[in-house]
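Participant: turn this into a structure:
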Amino acid sequence: MARSSVLPVAPTRGRLRPLGLDEVRITGGFWARRRHINATATLGHCRDWMERVGWTGNFRAAAEGRIQQDRRGREFTDADVYKLLEAMAWEAAGQGAGASLDAEVAALTEAIAPAQRPDGYLNTAFGGPGQEPRYSDLEWGHELYCHGYLVQAGVAQTRARGEGELAKIARRAADHVCATFGRGGIERVCGHPEIEMALVELARLTGEQRYLDQAALFVDRRGHGTLADPEFGRAYYQDDMPVLDATVLRGHAVRALYLAAGAVDVAVETGDEALLAAVVRQWEATVARRTYLTGGMGSHHRDEAFGDDFVLPPDRAYSETCAGVASVMLSWRLLLATGEPRFADLAERTLFNVIATSPSDDGRAFFYANTLHRRRRGTTPSTDTDSPRAESSLRAPWFAVSCCPTNVARTLAQLPGYLATADDHGVQLHQYADSEITTSLAGGDGVALRVRTDYPSGGHAVVRIGRSPDRPWTVSLRVPAWTAGATTWLVDPDGTRRVVAPGMAEVTRVFRPGDEIRLELPVVPRWTRADPRIDAIRGTAAVERGPLVYCAESVDLPDGYEVDAIRVDPSAEPMDGPEEPDGPDGAGGTVVVAGGLVAHSEATDTAWPYEPLDRPLAANAVRTGIVLVPYHSWAGRGPSTMRVWLPIAEPDRISRPGNPEEHDHSAEPDRNATGR
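Facilitator: Predicted coordinates for the structure are as follows:
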């Protein structure tokens, strides 16, 4: 394989050209801190846990013929080892050196290699002595899913460092898949999509048409009932109807999003406009009717699935972290294919409110599911054993099913690749972070930009030109959809100020080194309400600030109160809290909203919970300012109750001064005591 540019996704067609990890470097702020923790803590944490629970040892057991008695973990744990390898490869590329990570990749590869069979098959859960035969359980066995992640890891190593042993293992596995599942072979699909994306990326890397053909074959086969009908119905693994016929994403959320991403990859490389349009329609319907305010997807715990339209209960939000990762993957592919900024809008929302929420501050514990309403204080999980429950009440160091930690790790490792793109006319900025961008335009003209921003705490972004050709070209900046109804200013290098609308704001000129473009986004707290068809949150409101969703936590309430006591008054504007909103890494600060706390008693807690409509409900309300914190930070101060959607006080039940600053803050906790 010839070495390619350092790109996690490298389409050969499409409206925009992605920039590689060798072209974009994140240098500071919100995402730089999280990427540093990912590199210095999370990767090693994942490696150590996989060794502790025996997942990496499975490969040695398979090679040595003792797999039947010694295998540990679920049938899909091989994939998590491969995701870790991919994360390490991208992280090494982004660091520019990464010798220690290269050594880690080599050591893991050395453990994996002996387990591969002569025909390329590689799986520790099937096909060995005393195990079920290969591909005997395509519904639940995850063999092709595991092969897909192996191929992704091999692609990452090749693009980051050139072809190594891992890439050779991956290509042998891909050749085996094509030989086994090609025309005239096993005419079925995997219960969990993933192999489709992997094969397309391998085709892009190698130029081998057969990998693309096999990916397209898997997409075409989906929805024709080749898998057994499970208790959840064939929609669970999207085998109920062809991709072209589907109108919305349904079934298991991660499976649905992975399939859609793979379908986009196939559509782009084959020029299949109908297939691309079908996925766009599914994305539109899903965003409009089946997506949480945070960008999270999946409202069913039992089957980790999308619910019906507008079934988005906050306290039952599953919103799996892996579904957030998959949503970003899909949105990125659609952005590259179409150039439409709405896809970057959803990616931003999901990155800040799902991906950033999962890991703890130290990068060694994670949320698997991301509820929007915690009714009871959680319990601190053990640091010595894995958590058996995905819906752990606090971030847990490891899970019996630990797909999410490694998925977060590989996403953060490749995050610089999501910031910017290029086309024949210039460079487009889609996500804002302190960064340096160096690339070439059409004709080979080199350009360099430096971005400095206080985002997401503040709304200032300054783009400084470092190198520019002596001809006009365009710098485009995304104006997020959340700015609608407010004023966003763009300041050209000559000082001209103009108002820009949501979408892409363009500056075209002959730039000179030192020229600056300034974007001023209206990052202030704002109330948000939901479509009334979302029954579970009717009569509530939420607060957002820039791209961040906010929540109330019981640790910010007076003693004796939980978040079920909160009533808010949206007629008063939310205000930045007593703290400065820009923390050391731009994480966002507190917000205060007008409202009150309704005291509950044992009598009301044990009585019939329904009463006449005309009976006063909040006569015992205590008027106060309610402190809100960024949702991504919740549960960082210990067990708490939490909610994003806050009940609205009935008229005249709580006095309503003009703004939260006029409220009595005497009931608020000491900010220093809470550590915020």
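Participant: ok, which stretches of the stretch 401-550 of the chain are strands?
Facilitator: According to DSSP state E, counting those that start in this stretch, the stretch 401-550 of the chain carries its strands in the segments 420-422, 426-429, 434-440, 446-453, 460-467, 473-479, 488-491, 497-500, 503-509, 516-520, 525-528, 540-545, 548-553.
Participant: could you dump the third one to PDB, C-alpha only?
Facilitator: Listed in PDB are the C-alpha atoms of strand 434-440, where the atom choice follows Å, rounded to 0.1, in the frame of the first residue of the first chain:
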ATOM      1  CA  ASP A 434      -7.300  27.200  18.800                       C
ATOM      2  CA  SER A 435      -5.500  25.600  15.800                       C
ATOM      3  CA  GLU A 436      -3.000  25.900  13.000                       C
ATOM      4  CA  ILE A 437      -3.900  25.000   9.500                       C
ATOM      5  CA  THR A 438      -1.400  24.500   6.700                       C
ATOM      6  CA  THR A 439      -2.600  23.100   3.300                       C
ATOM      7  CA  SER A 440      -2.500  23.700  -0.400                       C
END
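Participant: which residues does it contact?
Facilitator: Residues outside strand 434-440 that contact it (Cβ atoms under 8 Å, 6 or more residues apart in numbering): 19, 23-29, 32, 416, 419-420, 422, 427, 446-453, 466-467. In short, each C-beta sits where N, CA and C put it, glycine included.
Participant: would you list the buried entries among those residues?
Facilitator: By neighbour count, with 16 or more other Cβ atoms under 10 Å, the contacts of strand 434-440 hold 19, 23-26, 29, 32, 416, 419-420, 422, 427, 447-453, 466 as buried.
Participant: look up how far residue 637 lies from residue 553.
Facilitator: Using Cβ to Cβ, to the nearest Å, residue 553 is found at 8 Å from residue 637.
Participant: these two: which is more packed in?
Facilitator: Ranked by neighbour count (other Cβ atoms under 10 Å), residue 553 and residue 637 place residue 553 first, with 25 against 14.
Participant: mind listing what the closest residue to that one other than its chain neighbours touches?
Facilitator: In this structure, residue 553 finds its nearest non-sequential neighbour in residue 640, 4.6 Å apart by Cβ to Cβ, 6 or more residues apart in numbering. Applying Cβ under 8 Å, 6+ apart to residue 640 gives the contacts 374, 377, 378, 553, 554, 555, 634.
Participant: low-confidence stretches in the stretch 451-600 of the chain?
Facilitator: 579-586 (pLDDT under 70).
Participant: give me the mean pLDDT for the host helix or strand of residue 36.
Facilitator: Following DSSP states H and E, one finds residue 36 within helix 30-37. In this model, helix 30-37 has a mean pLDDT of 97.
Participant: now that helix: buried residues?
Facilitator: Across helix 30-37, burial judged by 16+ other Cβ under 10 Å covers 30, 31, 32, 33, 34, 35, 37.
Participant: go ahead and confirm residue 29 touches residue 453.
Facilitator: Yes - assessed by Cβ atoms under 8 Å, residue 29 is found in contact with residue 453 at 6.8 Å.
Participant: please tell me how far the closest residue to residue 342 other than its chain neighbours sits from residue 532.
Facilitator: Once flanking residues are discounted, residue 342 sits nearest to residue 481: 6.6 Å by Cβ to Cβ, 6+ apart. Taking Cβ to Cβ as the measure, residue 481 falls 21 Å from residue 532.
Participant: more neighbours: these two, which one.
Facilitator: Shown here are residue 481 and residue 532; by other Cβ under 10 Å, residue 481 has more neighbours (16 against 10).
Participant: for residue 405, see how far away that one is.
Facilitator: Counting by Cβ to Cβ - residue 481 and residue 405 are separated by 30 Å.
Participant: same check on residue 57?
Facilitator: Using Cβ to Cβ, residue 57 is found at 18 Å from residue 405.
Participant: residue 526: how many residues sit nearby?
Facilitator: Using other Cβ under 10 Å, residue 526 has 17 neighbouring residues.
Participant: can you pull the contacts of it?
Facilitator: 486, 543, 544, 545, 574.
Participant: now do the contacts for the fourth one.
Facilitator: Read that as residue 545. 456, 523, 524, 525, 526, 574, 581, 588, 591, 630.
Participant: name the nearest residue to residue 577, sequence neighbours excluded.
Facilitator: Per Cβ to Cβ, 6+ apart, closest to residue 577 is residue 590, 3.0 Å.
Participant: does that neighbour touch residue 555 like I think?
Facilitator: No - between residue 590 and residue 555 there is no contact under Cβ under 8 Å: 11.9 Å.
Participant: if we can go back for a sec, and the residue nearest to residue 577, how many neighbours?
Facilitator: Residues lying near residue 590 (other Cβ under 10 Å) number 23.
Participant: and it, how far from residue 498?
Facilitator: Residue 590 is 33 Å from residue 498, by Cβ to Cβ.
Participant: same check on residue 335?
Facilitator: Taking Cβ to Cβ as the measure, residue 335 falls 25 Å from residue 498.
Participant: ok and the longest strand seen in the chain relative to strand 540-545, angle-wise?
Facilitator: In the chain, with assignment by DSSP state E, the single longest strand is strand 621-630. With axes from the mean of the first three to the mean of the last three Cα atoms, to 10 degrees defining the directions, strand 621-630 sits at 40 degrees from strand 540-545.
Participant: ok, back up a step: got TSV for the strands of the stretch 401-550 of the chain, with distance to residue 395 too?
Facilitator: Shown next, in TSV, are the strands of the stretch 401-550 of the chain (distance: least, Cβ to Cβ, whole Å):
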stretch	distance to residue 395
strand 420-422	31
strand 426-429	32
strand 434-440	26
strand 446-453	28
strand 460-467	31
strand 473-479	31
strand 488-491	35
strand 497-500	39
strand 503-509	36
strand 516-520	34
strand 525-528	26
strand 540-545	22
strand 548-553	14
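Participant: which of the ones you listed sits most buried?
Facilitator: Greatest average neighbour count among these goes to strand 548-553 (a mean of 26), per mean count of other Cβ atoms under 10 Å.
Participant: list the contacts of that one.
Facilitator: So strand 548-553 is contacted by 293-294, 352-353, 372, 456, 525, 542-544, 563, 566, 588, 591, 626-632, 634-635, 637, 640-644, 646 (Cβ under 8 Å, 6+ apart).
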